[in-house]
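Visitor: Can you look at this prediction? I've put the sequence above it.
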Amino acid sequence: MTFELLVVLAVLAAAIVLFALGRPRMDVVALLVIVALPLTGILTVPEALSGFSDPNVILIAALFVVGAGLSRTGVTYRLGDLLSARAGSNRTLLVVLLMLAVALLGSIMSSTGVVAIFIPVALSIAARTGMSPRQLLMPLSFAGLISGMLTLIATAPNLVVDAELRRAGFTGFGFFTFTPIGLVVLVLGVGYMLVARRFLGGEASAPGVARNFEVLVADYGADTRARTFRVGSGSPLIGRALLGLEIGEVHTSVLAIQRGRFLRGPELLTSTETTVKGGDELVFDLAPPEERLEGLGLEEVETPGDFFDTYSRQVGMAELLVVPDSRLAAKTVVEARIRSRYDVTVLGLRHHGRPPGQDYHRVRLAVGDTLLVTGTWDAIHRLRRESADLVVLDLPTEAAEAAPAANRAPYALVAVGVMIALMVTGVVPNVIAALIAALLMGVFRAIDLPSAYRAIHWPTLLLIAGMLPVAQALEKTGGVQLAADGLLAVLGGAGPYVVLALLFAVTALVGMFVSNTATAVLLAPVAITAAQHLGYSPYPFAMIVAIAASAAFLTPVSSPVNTLVVEPGRYRLADFVRIGTPFTLIVLVVSVFLVPVVLPF
């Protein structure tokens, strides 16, 4: 063992200790590693920074954007709604469909993001059916982890192992190479959780009074005022902007425009710049007298009672508090020009603690009054960040499921389909396919640029970019070769199945303390080198590392997927150890015997 290798091992050991302690954050540890390696003289500065030029770092960033596009267009939430509707109150079917839905989505987008999206869905189902959240959330996290075993792009460790194969001079994995193994593990996981969830116990979810759209509209007396009129082809309102549609002496406000779109379904438009078209349906608040509507080419149609609920993922609602020193104090709602200032429409007012009735627009605002407004979720969040005159109070429960680009869902699915087709056929490299899909999300307006940047999980990218040079340093100093020799020496003349089992066990155990991505970075080159020494194909050995890296079922800190469900499920470390250990052993046995069938020695 050379002095250079000892230095690299010392840096690696320090990083592992910091990973295990959780302080500082993993991405900061990765940056410290990048700084430390050039200072030792083992790697040059370009070599230490080479992780940032790795195609997989760009690929993962693009996949975050694609996943955010699916979320913003409501594809994920619609799947959750469908799941809830199909399962009804059948608890067994609920668990099965929940796990299948999470695994399916997690195979093409970040499993952490999918689990975060489905937690409120699971909690809502638990409240509706009387189930304990504990019996739904751990199956949710297990499905998120298993999704990483379904496709090449499902999780970062798969891409890391694939990159290591290519770096060693071999052809990488195909898009669906993981799928046969992952499907078997998924079936076993669903069956296992149907039994194991019964040992999680927990009290049934207690229904509470949530501040949702229905409650807010009733509190402000706005639940009976809305009326809807369809615009005829000859209406003089055609071409006028939404902001200018106050009609008559009595203040009348058009809350929104309902418009049907080809392939997109109906959408609700609230932007002040939207212009009226023939066939639109105008949703009025405080509609003017009938005589004022004459000659406008409007025909009244029924306004659904759940009007706002229907569009809750496109259009938001919020309560605003008039703060001291607000420029809006002592002005009426009309004089405050809230619609033109903030691109939101006032639905109601609570003045001195109670709604003043239909004449709320004539009341002068006072400090402490609250306004109920509706507009796009983007407008509401922008108002939350920028307004000094009004404070946005807690958002309604629907905010957690906002899909501001819901009408773009078909196009988002097209973008994902193009990406998968390109990856499967190999027409372009995977990173280019992902970038094309991310760009298509922007072209189709499924996501905007600020949202795309926010969607990228920068700590994950920094972690990968920081740990890749460690693997390079280990290889440069002979550490990978030494680890492979040590592994073979311990096993003696054992067969390849024993080597696979040991690789799985080591990967799973290291993954208890180090992120699964970093674990894959460290162990993939060891597995490939060991396979070459034994004279076997490197593919089953690389695959076993990728599968084991996703099998992070043992502790709540093994993966962010587990960490997300700890608090809402009130789980303890013992719960994950008790439920996760048997299933990890099941996955170990199944993988050791199934991987060589899919990828022969």
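Guide: That came in fine, so what should we check first?
Visitor: burial count for residue 133?
Guide: Residue 133 has 24 neighbours, counted by other CB atoms under 10 Å. Placement of C-beta: from N, CA and C, glycine included.
Visitor: Pull out the buried residues from the helix ranked longest in the chain.
Guide: Taking DSSP state H as the criterion, the chain has its longest helix at helix 573-598. Residues 575-576, 579-580, 583-584, 586-588, 591-592, 594-596 are the ones in helix 573-598 that count as buried (16 or more other CB atoms under 10 Å).
Visitor: Closest to residue 462 out of the residues you listed?
Guide: residue 576 (26.6 Å; CB to CB).
Visitor: The closest one contacts residue 556, doesn't it?
Guide: Yes - using CB atoms under 8 Å, residue 576 is in contact with residue 556, at 5.2 Å.
Visitor: ranges for the helices of the stretch 1-150 of the chain?
Guide: Using DSSP state H, counting those that start in this stretch, the helices found in the stretch 1-150 of the chain span residues 3-21, 26-40, 45-48, 55-72, 75-87, 91-106, 111-129, 134-147.
Visitor: Where do the domain boundaries of the chain fall?
Guide: As assigned by automatic domain parsing, the chain contains the domains 3-24+470-598, 227-302, 315-395.
Visitor: closest one to residue 63 among these?
Guide: Judging those by CB to CB, what sits closest to residue 63 is domain 3-24+470-598, at 13.5 Å.
Visitor: Quick one: end-to-end distance for that closest one.
Guide: 41 Å (CA to CA, to the nearest Å).
Visitor: Please apply the same query to stretch 529-546.
Guide: 15 Å.
Visitor: Buried residues in it, which are they?
Guide: Within stretch 529-546, judged by 16+ other CB under 10 Å, the buried ones are 529-531, 534, 536-546.
Visitor: can you list the weak-confidence ranges in the stretch 201-350 of the chain?
Guide: 201-212, 222-226, 242-253, 255, 261-272, 285-294, 303-314, 324-325 (pLDDT under 70).
Visitor: now the strands for it?
Guide: For the stretch 201-350 of the chain, the strands defined by DSSP state E, counting those that start in this stretch occupy 227-231, 253-261, 265-269, 281-285, 298-301, 315-322, 345-350.
Visitor: On the three-state scheme, residue 372 is what?
Guide: When classified by DSSP: H, G, I helix; E, B strand; the rest coil, residue 372 comes out as strand.
Visitor: There's contact between it and residue 218 in this structure, I believe.
Guide: No - using CB under 8 Å as the test, residue 372 is too far from residue 218 to be in contact (10.5 Å).
Visitor: Which one's more surrounded, the two?
Guide: More neighbours surround residue 372 than the other of residue 372 and residue 218, with 23 against 13 (other CB under 10 Å).
Visitor: In contact with the more buried one, which residues?
Guide: Neighbouring residues of residue 372 by CB atoms under 8 Å, 6 or more residues apart in numbering: 216-217, 219-220, 222, 317-320, 346-350.
Visitor: What is the nearest of the residues you listed to residue 16?
Guide: residue 318 (45.5 Å).
Visitor: Quick check: beta-bridge partners of the closest one?
Guide: Note on residue 318: beta-bridge partners residue 373, judged by DSSP bridges.
Visitor: Now residue 338. Nearest residue, chain neighbours left out?
Guide: The shortest distance from residue 338 to any non-neighbouring residue, by CB to CB, 6 or more residues apart in numbering, is to residue 346 (5.6 Å).
Visitor: where's the one you found relative to residue 334, distance?
Guide: Residue 346 sits 9 Å away from residue 334, going by CB to CB, to the nearest Å.
Visitor: what about those two, which has more around it?
Guide: residue 346 (24 against 14).
Visitor: what residue ranges in the stretch 401-550 of the chain are flagged as low confidence?
Guide: For the stretch 401-550 of the chain, residues meeting the criterion pLDDT under 70 lie at 401-406, 480-481, 483-484, 487-488, 491-493, 513-515.
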